[in-house]
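1. Generate coordinates for the sequence data below:
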Amino acid sequence: MIFITGGCCQSKRSFAKKKFSLSDKDFTDGGACTFESAFSRRALCHFELFAARAARSGRDPIRLLEAGVTLNSGIIIIADEIGSGIVPEDKQLRADREAAGRAACAAAGLADTVYRVCCGIPMLIKGAVLF
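-> Numbers count the residues shown, from 1 in each chain. Got it, this is the predicted structure:
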């Protein structure tokens with residue numbers, strides 16, 4: 001599994017498309033997909049939204065991640081880093097942020113390769129360089 005993270009609008013998806021020869025049809029949107037279909041394509045974007053939605057529905061996002069990666073070990077998971085900056089005043093938004101952060105940590109731990117993309121520049125932070 002490959003995990004790509006970075007701030008919002010930092011070209012994570014563009015990097016994944018170019019690096020791994022993906023098209024728009026290869027992506028599942030974690031903010032809108034069903035929990036059952038999340039890991040069915042080559043890539044899952046907006047994993048932070050998937051994790052928050054799962055937690056809000058009473059499901060464990062980390063267990064869903066583990067099950068999904070078991071079914072699709074080659075998946076590319078893309079998540080916005082949302083733990084930096086001002087802590088939301090709203091209790092539910094804080095809980096969403098915590099669920100997303102914990103799930104991102106779990107994804108990074110499970111991943112063979114982790115990239116962080118900042119200003120459109122990918123940085124390999126775990127694993128070997130893939131050509």
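
2. Centroid-wise, who is the farthest residue in the chain?
-> Most distant from the centre of the chain: residue 89, at 24.2 Å, with distances by Cα atoms, centre = their mean.

3. And it, how close does it get to residue 81?
-> According to Cβ to Cβ, to the nearest Å, residue 89 and residue 81 sit 20 Å apart. No exception for glycine: its C-beta is placed from N, CA and C like everyone else's.

4. Backbone dihedrals for residue 52, both of them.
-> Backbone torsions for residue 52, taken as degrees, to the nearest 10, come to phi -70, psi -40.

5. all strands of the protein, in order?
-> 2-6, 27-29, 43-45, 76-80, 113-118, 121-126 (DSSP state E).

6. between those strands, which one is nearest to residue 100?
-> strand 76-80 (7.2 Å; Cβ to Cβ).

7. Each with direction, which strands does that closest one pair with?
-> strand 2-6 (parallel), strand 43-45 (parallel) (DSSP bridges).

8. between those, which one is nearest to residue 118?
-> The nearest among those, by Cβ to Cβ, is strand 2-6 at 5.6 Å.

9. any residues touching the closest one, and which ones?
-> 12, 15-16, 20, 75-81, 104, 107-108, 110-118, 122, 130 (Cβ atoms under 8 Å, 6 or more residues apart in numbering).

10. change it to 7 Å
-> 12, 15-16, 76-79, 81, 104, 107-108, 111-118 (Cβ atoms under 7 Å, 6 or more residues apart in numbering).

11. Next: stretch 89-96.
-> 52, 55, 87, 88.

12. burial measure for the residue lying closest to the second one once chain neighbours are set aside, as a count.
-> Which is residue 55. Spatially, and ignoring its direct neighbours in sequence, residue 55 is nearest to residue 99 (3.6 Å; Cβ to Cβ, 6 or more residues apart in numbering). Neighbourhood size, residue 99 [other Cβ atoms under 10 Å]: 22.

13. List the residues that contact residue 99.
-> Per Cβ under 7 Å, 6+ apart, neighbours of residue 99: 51, 52, 55, 61.

14. try residue 29
-> 45, 46 are the contacts of residue 29 under Cβ under 7 Å, 6+ apart.

15. Alright, I will stop here.
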